[in-house]
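1. sequence unknown, structure follows:
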């Protein structure tokens with residue numbers, strides 16, 4: 001049943017579908033805490049910058065979403081992102097389950113859950129198949145994602 005919180009999540013995903021990182025970020029509170037298997041925990045402006053970076057790089061990107069539900073000040077949704085992973089040129093279909101905490105009409109927490117091994121098999125090919133399930137490879141994926149985000153943020157802040 002639609003309410004202010006489901007409307008907020010719908011706005012977020014509609015912006016995501018349109019590759020509009022600015023509108024996605026506008027759904028976040030300034031103290032947003034975002035977490036997913038690829039980036040770990042991001043806080044504040046890091047989360048919006050992650051979307052700016054990812055959507056700016058994504059080729060052949062499409063997103064579908066459904067099952068937006070809200071109870072109290074929480075919400076959840078499911079999404080499927082389809083894109084070409086820029087580092088390898090491999091096609092990825094990522095099935096994501098998201099949970100949100102909402103305060104004063106803004107998302108204050110977002111936790112995205114997806115199978116990182118499945119993602120790595122698609123995105124990385126053979127090395128993902130062989131090693132994507134290992135903690136070492138998962139740590140390497142997260143380190144690479146964080147390094148890319150740091151470089152993006154440094155470049156964006158350079159006049």
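-> Received the coordinates, thanks. What you see is a predicted model, and the numbers here were worked out from it, not measured in a lab.

2. now do the SS call for the closest residue to residue 58 other than its chain neighbours.
-> Nearest non-adjacent residue to residue 58, counting by Cβ to Cβ, 6 or more residues apart in numbering: residue 83, 4.6 Å away. Where you see a C-beta, it was placed from the backbone N, CA and C, and this is true even at glycine. Three-state call for residue 83 (DSSP: H, G, I helix; E, B strand; the rest coil): strand.

3. same thing with residue 67?
-> Quick answer, by three-state DSSP: residue 67 is strand.

4. residue 77 is in contact with that one, correct?
-> Yes: the criterion here is Cβ atoms under 8 Å, and residue 67 meets it with residue 77 at 5.9 Å.

5. comparing these two, which residue is more hemmed in?
-> Each of residue 67 and residue 77 has its neighbours counted (other Cβ atoms under 10 Å); residue 77 has more, 21 against 10.

6. next, count neighbours for the nearest residue to that one once chain neighbours are set aside.
-> What sits nearest to residue 77 in space, not counting adjacent residues and going by Cβ to Cβ, 6+ apart, is residue 68, at 4.6 Å. Applying other Cβ under 10 Å, we find 21 residues neighbouring residue 68.

7. can you give me every residue that contacts residue 10?
-> residue 68 (Cβ atoms under 8 Å, 6 or more residues apart in numbering).

8. try it again with 10 Å
-> Contact analysis of residue 10 by Cβ atoms under 10 Å, 6 or more residues apart in numbering lists 2, 27, 65, 68, 75, 77.

9. from those, which two are the most distant?
-> 2 and 27 (16.0 Å; Cβ to Cβ).
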